[in-house]
Each structure stands twice: as structure tokens, then as C-alpha cells.
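Undergrad: Turn this into a model:
(4 chains)
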2 protein chains.
Amino acid sequence: MIRVMVIDDHDVVRKGLIAYLQTDEEIDVIGEASSGYEGATLVIRDKPDVVLMDLKMENGSGIDATADIMKGHQACKVIILTSFYDDEMLFPALEAGAYSYLLKTAKADDIVSAIKKAYEGERVIEPKVASRMMEGYHKKEAERHDSLTDREMEVLLLIGHGMTNQEISEKLYIGIKTVKTHVSNILSKLDLNDRTQAAVYVHQQKLL
Amino acid sequence: MIRVMVIDDHDVVRKGLIAYLQTDEEIDVIGEASSGYEGATLVIRDKPDVVLMDLKMENGSGIDATADIMKGHQACKVIILTSFYDDEMLFPALEAGAYSYLLKTAKADDIVSAIKKAYEGERVIEPKVASRMMEGYHKKEAERHDSLTDREMEVLLLIGHGMTNQEISEKLYIGIKTVKTHVSNILSKLDLNDRTQAAVYVHQQKLL
DNA sequence: GGCAATATCAGTCTTAAGACTGAGAAGAAA
DNA sequence: TTTCTTCTCAGTCTTAAGACTGATATTGCC
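TA: Okay, here's the model as predicted:
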């Protein structure tokens, strides 16, 4: 039996996924969690063979949770499940220790298959995503140098929501001076003139 | 038995949802579809009591599919399932004939409950969404009356390009004071706080 | 003619933005 | 250990933004 844990903040998806997985004889769902933090804790305690992890969750991202898991239970195979539009997260996910990377548009049986393959030591990277990876690789290689840090990207996305520096500082629990520093660095790195152009950038690059 | 059909282009979600629903004794899943078009056809042919419809699908939206269904099988209760960020689709959905409107962050049992309620003639509108609806209602009511003038729309789009007041004034051959007046009126009419939010608005409403 | 909507612009005032300089702390990498 | 990066924050200074009030010209409508 492959011991599996499902982490997804969408109750519908999680319960459904579990119900479907239970129909397979080789799979045993030993636990579930609705947040990355809770999930990481459970994984380290119960040490499942495979974890199905939603990438985007309200309380803490799947990336962070994956990184936490790898610290406490390195043998675990984390399969990232993601919706279509965040394939730019593939690299951070793999870097954090994710084993496979699937789109939610994948067939349900592909998920089951990916679990079994992961258990046997074979990675599955969604073809669509993999091809984009190759396209974007060289570009990003050049851009990466003077690219945004994690924190800066975080701030940039909040600007893309239309937030002021004050609001961002409250959201991130940091000083407004710090936010201003981040914003200045963002504008400088992306060669933009003001936050409005930054917001436009976010939407044109479909970062949101 | 309540005869249910599930329409969702995410195979994981669909299969999972079905597997979960089948565990309920009162519910019988009689069909499924991975696109709105295919789903509408099946619904009209097999006439289920309740339809679970994903709002965002790759091939044709859930709104259109719902409208099609209501033309061919009006007694059908369509429950819209949606992710968190498209509550602006509530009105179009209800207009198209949707019966209930749930977020995917809802508990799995809430979905089951919503199906039973729909079958018995009771609507379920997600509270979070409903409250926003009330907020947005008057706004939209007022918006249609004194929506933006041609000139204001012109200015709004330039803001959406990331231009400053100075640049806009040069582009339109008018004084910067005039631009400021337009901007103030735009922000007031659209209930926004600053030009950054205006730029975000432009892109979210796909005006550019 | 009178009326309403629109577009234009002035003046004043307050504040958020952003540039620039400098610097301390933590962590990773060499 | 030293070095580098990142994240944090302070202080100063300049300017663009935006609110508010008020004014004039034009157009179309009743």
C-alpha cells in the first residue's frame, strides 16, 4: 500500500480527490490537511510515502510547505497540483523539493499514475509545463541576475492589486519605509517609472 | 434519488467530486462532462434534477452553458461552483438561470447540502459573495446611469497604459489641470482611490 | 430662451510617492 | 572568517497626485 496524504484548502477538491483515490487498491489515504502549515506538521509526524500538494492556498503556499516537509521527512515524494496559470512556479517548486508537477486539468487517472510512479522513483512533469520551461529557460537565465527577490515579487503583486505602500506594510507586517525601499528596487530593476506602471506590468505579464 | 450531473473541465475535481457524491445515499450521479457545450447537450438529453457547474472552463464558460441548459430543460437546478476571485460573475450567473452559487472553498458537505436544498427548492448563495453583492448592487445601479463620458474613458485607458497626468495632457493636447479633473471624476465614479487602482481596473475589466 | 451635460482650466492645499544615502541583522556561500 | 545577498528601517527632499471650489465655453435638448 502506498501511504498518501492530501493537502488542499479547497474542501471540495480534497474530499473528492480522497474519495477517488480510495477506489484504488494500492493507495491508502492516511491523512489530509487544508493548509500548508498544518499539512507539513502532519506529514512530518505521520511520514506518508507520497503527498499531493495544492500549489495555491490561502494560508501559506504549497512551496513553503514543501520546503518544510523536505526538512523533516526527506524521503517523502511531494506531487504538486496546480491550476493552469502558474507554471512559472515550477522552478521554485522543484527547488523546494517537489518531486512531480501536475496540472489540475490532468486526468484523474494520471494523478493515480503519478502517485504510483513517484512511489517507484519516477518523476512526472506535465508536458505543457515542461515545454514552457525550455522556452523560458534562457530568458530567465538572463533575467534572473537582476531579477526580483521573493519579497520584491510579493510586493509587486500587491501593487498589482492596487494597494498603497501603507496597506502593503500592514499586510506584510513591515514598516512603510521598507516597503518604499522594495518599491524603489522593483521600479529600478524592471525599468519602470512609478507604481501605476508596475501594476500595468503585473497584468500585462499575467502575474495575477 | 436526486439525479445529478457534474460539469467541470478539471478531471481531478470532477472525478473526485463524483466519487464523493456517490457516497451519499440520496444522490445518484447520472453523468459528467468536461466542457460547457458537451454538458449542456447531455443535460438536455438526460434531464438531471441538479447540475453542478464549474464557472471557469477552458472551452466555453459555465454561464453560457447554464443559459443553454435553461432553454432546453428549465426545471433543472444549476449550482455554480466557482473559485474565490470571480464573484463579479454572480449576477451574470443568476441572470443566466443559475439556482445556487457556491465557492470551491466551501466544505464538501456543504455541496451535498446545497444539492439537496436545490432539489427541495431552496437556493444557496455563498454568504461572502452575497455580502459583496449587496455592496456592488447600488454601485452598479449607479454606474450605468452616470458611467464615464467619452473623454473620461479616454483618460482612463491612458492611465491603464501607465501614463502620468503630464503625459496624458500632452497626448490629448489639454492642460494638466483638466486631466486632473478628469482623473478625479473617474476615481469618484468608479469608487477607486488612486490611479494605480484605476490601472488595475482597466486590466481586470479587460478594457485594454 | 432656458437647461443640463460636457470639456476646459485656475488656485489652493494636503499627502502619498519615490529618489537617495546610509546602515544594522541574519543567513548562505566561499 | 569573510563576503554577499536579502530584508529590514531611518532621514531628507522633491514632486506628482488628488480633493475641493469655482469658473467659462460649447453643445444639444425641451
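
Undergrad: where are the low-confidence patches of chain A?
TA: By pLDDT under 70, the low-scoring segments of chain A are A:58-60, A:83-92, A:95, A:127-146, A:206, A:208.

Undergrad: Which parts of it are helices?
TA: Listed in chain order, the helices found in chain A under DSSP state H are A:11-21, A:36-46, A:62-72, A:90-96, A:108-120, A:127-145, A:150-160, A:165-172, A:176-190, A:195-204.

Undergrad: Can you tell me which of those is most buried?
TA: Mean neighbours per residue, mean count of other C-beta atoms under 10 Å in any protein chain shown, is largest over the helices of chain A for helix A:11-21, with a mean of 24. Where you see a C-beta, it was placed from the backbone N, CA and C, and this is true even at glycine.

Undergrad: I'd say residue A:53 and residue A:7 touch.
TA: Yes. With contact defined as C-beta atoms under 8 Å, residue A:53 counts as touching residue A:7 (4.9 Å).

Undergrad: Distance of residue A:15 relative to DNA strand C?
TA: 36 Å (C-beta to the nearest atom of the strand, to the nearest Å).

Undergrad: Surely that residue is in contact with residue B:16?
TA: Yes. The pair residue A:15 / residue B:16 is scored as a contact, 7.3 Å apart, by C-beta under 8 Å.

Undergrad: Just grab the bridge partners of residue A:54 for me.
TA: Residues in a beta bridge with residue A:54, per DSSP bridges, are residue A:81.

Undergrad: Give me the distance between it and residue A:172.
TA: 23 Å (C-beta to C-beta, to the nearest Å).

Undergrad: near chain B, which residues of chain A?
TA: A:9-20, A:22-23, A:58, A:81, A:84, A:104-108, A:110-111, A:159-162, A:164, A:192-197, A:199-201, A:203-204 (C-beta under 8 Å from any C-beta of the partner chain).

Undergrad: Pull up the overlap in contacts between residue A:53 and residue A:7.
TA: A:36, A:39, A:62, A:65 (C-beta atoms under 8 Å, 6 or more residues apart in numbering or on different chains).

Undergrad: Among the residues you listed, which pair sits farthest apart?
TA: A:39 and A:62 (8.6 Å; C-beta to C-beta).

Undergrad: what is in contact with those two at once?
TA: Joint contacts of residue A:39 and residue A:62 (C-beta under 8 Å, 6+ apart) are A:7, A:53.

Undergrad: For chain A, what lies in contact range of DNA strand C?
TA: Proximity of chain A to DNA strand C, by C-beta under 7 Å from any atom of the strand, involves residues A:164-166, A:180-181, A:183-184, A:187-188, A:193-196.

Undergrad: I'd say residue A:16 and residue B:13 touch.
TA: Yes. The pair residue A:16 / residue B:13 is scored as a contact, 6.4 Å apart, by C-beta under 8 Å.

Undergrad: can you pull the contacts of residue A:186?
TA: A:148, A:152, A:155-156, A:159, A:192, A:198.

Undergrad: and what of residue A:50?
TA: A:2-5, A:76-79, A:115, A:118-119.

Undergrad: Relative to residue A:41, how far out is the most centrally placed residue in chain A?
TA: Centroid-nearest residue in chain A: residue A:55, 3.6 Å away (criterion: C-alpha atoms, centre = their mean). Residue A:55 is 19 Å from residue A:41, where distance means C-beta to C-beta.

Undergrad: tell me, which of the residues of chain A next to chain B make contact with DNA strand D?
TA: Okay, of those touching DNA strand D (C-beta under 7 Å from any atom of the strand), that's residue A:194.

Undergrad: need the contact list for the nearest residue to residue A:52 once chain neighbours are set aside.
TA: In this structure, residue A:52 finds its nearest non-sequential neighbour in residue A:6, 4.8 Å apart by C-beta to C-beta, 6 or more residues apart in numbering or on different chains. The neighbours of residue A:6, taking C-beta under 8 Å, 6+ apart as the test, are A:14, A:17-18, A:21, A:29, A:31-33, A:51-52.

Undergrad: Look up how far residue B:3 lies from residue A:121.
TA: In terms of C-beta to C-beta, residue A:121 sits 44 Å off from residue B:3.

Undergrad: Residue A:81 too?
TA: 30 Å.

Undergrad: ok, now residue A:11?
TA: 24 Å.

Undergrad: how about the residues of chain A that lie near DNA strand D?
TA: Residues of chain A lying near DNA strand D (C-beta under 7 Å from any atom of the strand): A:149-152, A:172, A:174-175, A:177-178, A:180-182, A:194.

Undergrad: give me that answer again for 6 Å
TA: Selection of chain A residues close to DNA strand D by C-beta under 6 Å from any atom of the strand yields A:149-152, A:174-175, A:177-178, A:181-182.

Undergrad: And the furthest pair within these?
TA: The largest separation in those, counting by C-beta to C-beta, is between A:150 and A:177 at 19.4 Å.
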